[in-house]
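Visitor: coords please:
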Amino acid sequence: MSEATIGQKRFPALANRDFRILWYGMLFASGTMAFQYYAQMWLIYSITDSSWTLGLLGAIRGIATLLFGLYGGALADRMDRRLLLILTETIALIVSLVLGVMVILGYQSLWLIFTLIFIGAATASIDAPIRQALIPELVPQQQIPNAVALTTAAQMGSFAVTPILAGFVIDAIGPGGAYVVSTLGNVGIVVVLLMLNYRGVVRVAASEPVVTSIKYGVTYVRTQSRIMWIIVLMFFASAFGFALFHGPIARWAGDILGLAPGQYGLLAATWGVGTLIASYCLSAVSGVRHLGKILVTGALLFGASFLMFGLVRSIPLAAIAYFINGAAWTCASISATSLVQREVSNEVRGRVMSLFMISGAIAQMNSLLLGFAADLVGMSVMLPSAGLLCTLAVLLLLMFVPALRNLDLPLVKKNGYE
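Guide: Predicted coordinates:
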């Protein structure tokens with residue numbers, strides 16, 4: 001048996017040509033995102049040395065997603081998803097290039113930097129639900145969990161390598177140089193998208209107002225309690241946990257652990273290794289069972305590992321906590337996305353996936369409050385407190401919401417939304 005045949009048996013979704021090409025594109029996208037993610041944090045940190053402005057960075061990303069995420073989902077359900085992705089990635093390329101050149105030339109106006117970051121985040125918020133909605137059209141339904149796991153591996157797995165490279169690039173040529181380097185990834189994504197044979201179809205009448213289309217998507221989710229509570233669970237996990245990644249965590253690494261950008265890149269790589277291993281384990285098992293149990297266990301460990309990370313002062317122990325955190329978040333994210341992708345109707349898929357983006361956007365905006373809290377009570381108090389709140393929020397949801405305890409039971413769809 002050839003290695004290719006073994007690979008297709010282990011990762012059946014990769015046997016589909018268009019999905020395989022899209023997956024390669026996501027490798028470019030994830031590397032690009034990681035470069036820009038770390039460059040943004042260290043740029044703002046170097047200019048302001050403030051937890052509040054690092055929190056503002058996350059809030060700006062969240063506001064952009066909140067304003068444009070649902071719109072992206074509506075577009076995904078009414079236009080050619082491939083062409084939309086090409087357009088958004090081209091805009092992202094231009095924004096990244098302008099910001100990188102501006103910083104290299106010494107124009108470090110904070111409001112202008114935040115404006116460009118806002119535009120980039122708005123573009124990404126439109127891009128993400130389109131990409132997620134495209135996946136089930138490229139693979140058979142039984143391969144959706146495998147495809148979602150592989151997609152997550154591509155999106156998050158790069159954090160095992162890219163943080164190290166980004167950290168050293170920032171050390172060597174600064175955040176502006178990192179941004180210019182990242183535009184190569186944008187070019188790669190566009191080239192890959194042009195290679196797809198897939199051509200989209202119109203699913204929603206073009207005459208239907210976008211607002212009406214969005215309202216229907218929200219109504220759909222409200223009538224499907226299982227999908228709604230999965231989104232709520234991921235929102236609370238994000239609000240008190242993942243929000244830390246959108247700014248405050250950079251100051252923690254610098255002030256509490258005393259790490260330079262390159263050293264923080266090494267520490268952050270342990271988070272990426274955790275995501276990569278978890279993604280591989282879930283993607284290697286076709287038709288994963290007990291996704292509901294994996295989801296709630298991952299969400300609980302995500303908060304608990306942040307609590308551990310906030311309490312330790314040893315870099316090796318911090319690395320272990322970060323590794324667990326990355327693996328836990330990946331298990332929760334893959335399980336949540338797979339459950340929703342498996343149960344949602346295709347004609348409303350883009351709008352439902354955009355609600356995932358919106359819940360994450362609101363959580364990102366919480367990074368501003370976390371930044372305030374860090375300046376008020378100190379990073380050493382804020383970070384473990386956020387981890388504790390994340391864990392308690394998940395526990396309370398599991399105690400009082402039966403739907404989250406029964407995610408592995410057969411789904412009975414409601415009439416009118418099948």
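Visitor: Sort out which residues of the one helix or strand Trp23 maps to are buried, please.
Guide: Element membership for Trp23 (DSSP states H and E) is helix 17-48. Buried residues in helix 17-48, counting neighbours by 16 or more other C-beta atoms under 10 Å, are found at 18-45. Bear in mind the C-beta positions are built from the backbone N, C-alpha and C, glycine included.
Visitor: next one: stretch 170-180
Guide: For stretch 170-180, a neighbour-count test (16+ other C-beta under 10 Å) marks Ile170, Gly174, Pro175, Gly176, Gly177, Ala178, Tyr179, Val180 as buried.
Visitor: any idea which of those is closest to Leu67?
Guide: Tyr179 (23.2 Å; C-beta to C-beta).
Visitor: so what's the closest one closest to, chain neighbours aside?
Guide: Gly100 (3.0 Å; C-beta to C-beta, 6 or more residues apart in numbering).
Visitor: wouldn't that neighbour be in contact with Leu184 here?
Guide: No - look at Gly100 against Leu184 with C-beta atoms under 8 Å: they stay out of range, at 11.2 Å.
Visitor: Quick one, grab the pLDDT at the nearest residue to Leu110 once chain neighbours are set aside.
Guide: Of all residues not flanking Leu110 in the chain, Ile47 sits nearest, at 6.4 Å (C-beta to C-beta, 6+ apart). If you check Ile47, the pLDDT there is 82.
Visitor: I figured Ile47 hits Ser109, correct?
Guide: No - here Ile47 lies out of contact with Ser109, judged by C-beta under 8 Å, at a distance of 9.7 Å.
Visitor: So for Gly100 and Leu184, which residue has more residues nearby?
Guide: The residue with more neighbours, out of Gly100 and Leu184, is Gly100; 24 against 14, by other C-beta atoms under 10 Å.
Visitor: Can you name the helix or strand that that one falls in?
Guide: helix 81-104.
Visitor: so how many other residues sit close to the closest residue to Asp408 other than its chain neighbours?
Guide: Using C-beta to C-beta, 6+ apart and skipping residues adjacent in sequence, the residue nearest Asp408 is Gly292, 4.1 Å away. One way to gauge burial is a neighbour count; for Gly292, by other C-beta under 10 Å, it gives 20.
Visitor: tell me which element Gly292 falls in.
Guide: Following DSSP H and E, one finds Gly292 within helix 291-311.
Visitor: Spit out the contact partners of the residue nearest to Asp408.
Guide: Applying C-beta atoms under 8 Å, 6 or more residues apart in numbering, we find Gly292 in contact with Ser335, Leu339, Leu404, Arg405, Asn406, Leu407, Asp408.
Visitor: The third one is in contact with Leu233, isn't it?
Guide: Yes - applying C-beta under 8 Å, one finds Leu404 in contact with Leu233, separated by 6.1 Å.
Visitor: Phe105: neighbour count?
Guide: Rather than Phe, residue 105 is Leu. With other C-beta under 10 Å as criterion, Leu105 counts 9.
Visitor: repeat for Gly72
Guide: Neighbour count of Gly72, defined by other C-beta under 10 Å: 27.
Visitor: Tell me the secondary structure at the closest residue to it other than its chain neighbours.
Guide: Using C-beta to C-beta, 6+ apart and skipping the chain neighbours, the partner closest in space to Gly72 is Ile126 (3.3 Å). Classification of Ile126 using DSSP: H, G, I helix; E, B strand; the rest coil returns helix.
Visitor: Tyr198 now?
Guide: Assigned by three-state DSSP, the conformation of Tyr198 is coil.
Visitor: Need the pLDDT of it.
Guide: Model confidence at Tyr198 (pLDDT) stands at 77.
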